[in-house]
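> the sequence and its predicted three-dimensional model are supplied below.
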Amino acid sequence: MPWGSIEVEAKFTAGPDTEARLVALGAALAGSSSFRDLYYDTPDLRLTRADHWLRLRQGAGWELKCPPEPPAGGTGGVPEAAAQEPPAVATTYQELTSPRAIVGRLCGVLGVAPAPAWDQVPGAVAGLDLQEFASFGTRRRSYRLGGLRVDLDQADFGYAVAEVEALVGAQEEVPAALEEVLQLRRALGRDGATRVPGKMSVYLQRHRPRHYEALLRAGVLAGDPEPPPHGDDTAKRGPS
Ligand SMILES: Cc1ncc(C[n+]2csc(CCOP(=O)(O)OP(=O)(O)OP(=O)(O)O)c2C)c(N)n1
Ligand SMILES: [Mg+2]
């Protein structure tokens, strides 16, 4: 897919038995990694208030996670549950990686014409006055099971979260992918009855409360219950 792929994700809180359950289901450890993410927005938060997440990921480069473009003439059958209205059972995002696609989408959201000098993302970041608003490290253990991926993350600000993820190439494939993602999460003993906040939600709630409130008001984030404080054993239950 020239414009990136569509990511269907459902988060959950991993337990001490999660990795054993994954292996029992036939999943294989695909790798362990550590990386730092830096996220950018305009001073008046226009990108994140439009649910667009521009980041520079150490070792991967620039990436833009944004709601999938509705295909011409239809919603592409994105099921309600996967819709971005919080609380979302799962989230569906396009992940753009090509500089041209990222810059084009940024300019579209901000309503400006791309300048010739913005053929690479850093030029657009400077030209659009985008500033870093979040920076945190993640230790990740990833498992693969069929076409699904399970990431067990431990953020360096003391929060652990896991997610089941499927990548599809077209909107029409989202409903089937969503069912597979939710089925695996259930098989891991996590029914999704309680909404599990992502790392960014917790980071903003703790470190950028005004930004967090703005995203609640914009309906981009749901009012997630603040997870246990640092050092709580939930945080410790991250990737072993
Ligand atoms: C449950 C939920 N999560 C994220 C969002 C929006 N959002 C906030 S930050 C954000 C960007 C980061 O996405 P996330 O999957 O939380 O982080 P990570 O797992 O490190 O990225 P990956 O490796 O999967 O690309 C999004 C989409 C939302 N509205 N609801
Ligand atoms: Mg994710």
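Perfect, I can see it now. Predicted model, so just to flag it, every value in this text is computed and none were measured. Ligands and ions are numbered 1, 2, ... in the order given.

> surely Leu110 and Asp44 touch.
No - Leu110 is not in contact with Asp44 according to CB atoms under 8 Å; the separation is 10.5 Å. (Glycine included, C-beta is placed from N, CA and C.)

> neighbour-wise, which of those two wins?
Using other CB atoms under 10 Å as the criterion, Leu110 and Asp44 rank with Leu110 on top: 16 against 8.

> so what's that one up against?
Residues near Leu110 by CB atoms under 8 Å, 6 or more residues apart in numbering: 42, 46-47, 128.

> how about the strands of this structure, start to end?
5-12, 28-41, 53-57, 61-66, 91-96, 131-145, 148-155, 159-168 (DSSP state E).

> and of the ones you listed, who's closest to ligand 1?
Closest to ligand 1 of those, according to CB to the nearest ligand atom: strand 53-57, at 3.7 Å.

> coming back round to it: export the strands of the chain to a markdown table and tack on distance to ligand 1, mean pLDDT and mean neighbour count?
Listed next are the strands of the chain as a markdown table, based on distance: least, CB to the nearest ligand atom, whole Å; pLDDT from 0 to 100; neighbours: other CB atoms under 10 Å:
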| stretch | distance to ligand 1 | mean pLDDT | mean neighbour count |
| --- | --- | --- | --- |
| strand 5-12 | 5 | 94 | 22 |
| strand 28-41 | 6 | 98 | 15 |
| strand 53-57 | 4 | 98 | 20 |
| strand 61-66 | 5 | 97 | 19 |
| strand 91-96 | 5 | 94 | 21 |
| strand 131-145 | 6 | 98 | 17 |
| strand 148-155 | 6 | 98 | 22 |
| strand 159-168 | 6 | 97 | 23 |
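
> turn those into CSV, including distance to Thr194.
Below are the strands of the chain laid out as CSV (distance: least, CB to CB, whole Å):
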stretch, distance to Thr194
strand 5-12, 9
strand 28-41, 25
strand 53-57, 23
strand 61-66, 23
strand 91-96, 16
strand 131-145, 22
strand 148-155, 18
strand 159-168, 13
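
> separation between Pro67 and Thr91?
9 Å (CB to CB, to the nearest Å).

> would you confirm that Ala160 contacts Ala14?
Yes - here Ala160 reaches Ala14: they are 6.5 Å apart, a contact under CB under 8 Å.

> hmm, the longest helix seen in the chain touching ligand 1?
As assigned by DSSP state H, the longest helix anywhere in the chain is helix 174-187. No - if you take CB under 6 Å from any ligand atom as the test, helix 174-187 misses ligand 1, and the best it gets is 12.4 Å.

> helices and strands of the protein: which one bottoms out on pLDDT?
Across the helices and strands of the chain, mean pLDDT, DSSP states H and E gives its lowest value to helix 233-236, namely a mean of 40.

> returning to that earlier point: which of the contacts of Leu110 fall in helices?
Those of the contacts of Leu110 lying in helices (DSSP H): 46-47.

> looking at the contacts of Leu110, which is nearest ligand 1?
Closest to ligand 1, out of all of the contacts of Leu110 and judged by CB to the nearest ligand atom, is Leu47, at 11.0 Å.

> wait, doesn't that closest one sit right on Lys65?
No - using CB under 8 Å, Leu47 is not in contact with Lys65; the gap is 10.6 Å.

> shared neighbours, those two?
Common neighbours of Leu47 and Lys65 (CB under 8 Å, 6+ apart) are Trp53.

> who are the packing partners of the longest helix of the chain?
Using 3 or more CB pairs under 8 Å, 6 or more residues apart in numbering; DSSP states H and E as the contact test, the elements touching helix 174-187 are strand 5-12, strand 148-155, strand 159-168.

> quick check: end-to-end length of stretch 100-119?
In stretch 100-119, first residue to last residue: 7 Å (CA to CA, to the nearest Å).
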